[in-house]
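*Asks:* For reference, the sequence and a predicted model appear below.
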Amino acid sequence: MVLGFSIAVGILSFWLLGYIISDIDRVQGPNYTQMLEEKLPQELQEERRVLTGQLEDLKQQIKMVEERRRLTSQTTSDSQQTINQLLQLKRNADQNKTSLSEDQQDALTDSLETFLAHQKNAQALNAELSQLNEDRNDVQAKQRVNESAIEVASEPIETEYQRRYAQHQWRLAAYKLGILIPLLMVCGWVFVRQAGGTYAMLVYAISGAVAMRVLLVMHEHFPAIYFKYILIVLSLAIATGVLVRLLRLVAKPSRDWLLRQYREAYSHFFCPICDYPIQRGPLKFASWTRRSLKKHTPIPVDGPVASFDHPYTCPCCETSLFETCEKCGGVRHSLLPACEKCGDVQRRSTNANEIGSRTKTT
């Protein structure tokens, strides 16, 4: 539960910081469109608007003429079909040596006149459409010239926009880091003070969330060439700090760390100082290593041997491992704080070098 709630606190902290950062992103930056309207020559902008309007009108006219031409073509096709039918009737009448009726003759004449009118109208529409396409091409050519002139005139505006945008990004980064860096420093101070304490998991969760958010902000706003050096230097500082702490722990180990090391060594029958096997009691003539310890067959002992309990000194490093208790007279572990028989507690040095020198002197 502690681990789960610690992860939840870290995620929620990271989420909360994300909302704060997103609110800072709402600060308005430079507007490129507005800068163009303000600094671009008015004649170029007016020409662009006029050409754009003309081009839209021409496109609309071309669309309407094409629709009219389609309808005219359909009407012409229908008229041609009617004429073909009437001509077929006339051919049949000629073969039968008869003549068309007056209504059929009038219909043929009207169809011919309609077909010719539609043909003339189609030709006029084609000419109009051709002229409109030429006008559109001319407007598009003028528009390309206008766009080239606008592009040349907007180059210094683009440069100014990029400069303002970069300043805006640095300003946003300063706002965000102005909030996150003090939080990170507070978390680092609490991290050092509470490392291994009661609220260590809470501090780890919040510190991790703040550190991750700082890295994301730096990655977002700092150029890649700067970010990689910052990340490498930061990683180097963390690794150096951990190494220095480990070296201090090795040179001057804490009491808890030493007691954990001594407890594990005693439980596996090895000297806590030099890792030499403790051969006493029933293990007097046994031999083992850490790899073979779990596979070692227990040695059967009888009563007299089991009660064989005397002070013992490591023959390799000369460290006293078992000594006589000053209170009850029994044999106790020299490097552990309490006597297992009477519970007497003795404060001893937590430095391995001092222990070695003290036992050698004794």
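*Replies:* Right, received. Where do you want to start? Numbering: from 1, shown residues only.
*Asks:* only C-alpha atoms for contact and neighbour calcs from this point on.
*Replies:* OK.
*Asks:* Which residues does the biggest strand by length in the chain contact?
*Replies:* As assigned by DSSP state E, the longest strand anywhere in the chain is strand 320-324. Residues outside strand 320-324 that contact it (C-alpha atoms under 8 Å, 6 or more residues apart in numbering): 271, 310-314, 330-335, 359.
*Asks:* Pull it out as PDB, backbone CA atoms only.
*Replies:* Taking C-alpha atoms only, strand 320-324 is exported to PDB below (Å, rounded to 0.1, in the frame of the first residue of the first chain):
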ATOM      1  CA  SER A 320      37.400 -11.000  18.200                       C
ATOM      2  CA  LEU A 321      34.100 -12.500  17.000                       C
ATOM      3  CA  PHE A 322      32.900 -14.100  20.200                       C
ATOM      4  CA  GLU A 323      33.800 -12.900  23.700                       C
ATOM      5  CA  THR A 324      32.800 -13.300  27.300                       C
END
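*Asks:* model confidence over it, on average?
*Replies:* Across strand 320-324, pLDDT averages out at 87.
*Asks:* Give me the next element, helix or strand, following that strand.
*Replies:* Later in the chain than strand 320-324, the nearest helix or strand by DSSP states H and E is strand 331-333.
*Asks:* Can you tell me what sits against that following strand?
*Replies:* Outside strand 331-333, the residues that touch it by C-alpha under 8 Å, 6+ apart are 309-311, 321-325, 339-341.
*Asks:* ok, of those, which come out buried?
*Replies:* 311, 321-325, 339 (16 or more other C-alpha atoms under 10 Å).
*Asks:* can you redo those as CSV with distance to Ile83?
*Replies:* Shown next, in CSV, are the buried ones among the contacts of strand 331-333 (distance: C-alpha to C-alpha, whole Å):
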residue, distance to Ile83
Pro311, 133
Leu321, 127
Phe322, 129
Glu323, 132
Thr324, 135
Cys325, 134
Cys339, 127
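*Asks:* Helices of the chain, start to end?
*Replies:* Counting by DSSP state H, one finds helices in the chain at the ranges 2-24, 32-39, 42-95, 102-194, 200-221, 224-251, 255-267, 303-306, 352-361.
*Asks:* Could you pull up the mean pLDDT of the first one?
*Replies:* Helix 2-24 carries an average pLDDT of 89.
*Asks:* Using PDB, list the CA coordinates for that helix.
*Replies:* Coordinates of each C-alpha in helix 2-24 appear next as PDB, following Å, rounded to 0.1, in the frame of the first residue of the first chain:
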ATOM      1  CA  VAL A   2       2.800   2.400   0.800                       C
ATOM      2  CA  LEU A   3       4.400   1.700  -2.600                       C
ATOM      3  CA  GLY A   4       1.100   2.000  -4.400                       C
ATOM      4  CA  PHE A   5       0.100   5.300  -2.800                       C
ATOM      5  CA  SER A   6       3.700   6.700  -3.300                       C
ATOM      6  CA  ILE A   7       3.300   6.000  -7.000                       C
ATOM      7  CA  ALA A   8      -0.100   7.600  -6.900                       C
ATOM      8  CA  VAL A   9       1.300  10.700  -5.200                       C
ATOM      9  CA  GLY A  10       4.100  11.000  -7.800                       C
ATOM     10  CA  ILE A  11       1.600  10.700 -10.700                       C
ATOM     11  CA  LEU A  12      -0.800  13.300  -9.200                       C
ATOM     12  CA  SER A  13       2.100  15.600  -8.500                       C
ATOM     13  CA  PHE A  14       3.300  15.300 -12.000                       C
ATOM     14  CA  TRP A  15      -0.200  15.900 -13.300                       C
ATOM     15  CA  LEU A  16      -0.700  19.000 -11.100                       C
ATOM     16  CA  LEU A  17       2.600  20.500 -12.300                       C
ATOM     17  CA  GLY A  18       1.500  19.800 -15.900                       C
ATOM     18  CA  TYR A  19      -1.600  21.900 -15.400                       C
ATOM     19  CA  ILE A  20       0.500  24.700 -14.000                       C
ATOM     20  CA  ILE A  21       2.800  24.600 -16.900                       C
ATOM     21  CA  SER A  22       0.000  24.500 -19.400                       C
ATOM     22  CA  ASP A  23      -1.500  27.700 -17.800                       C
ATOM     23  CA  ILE A  24       1.800  29.400 -18.300                       C
END
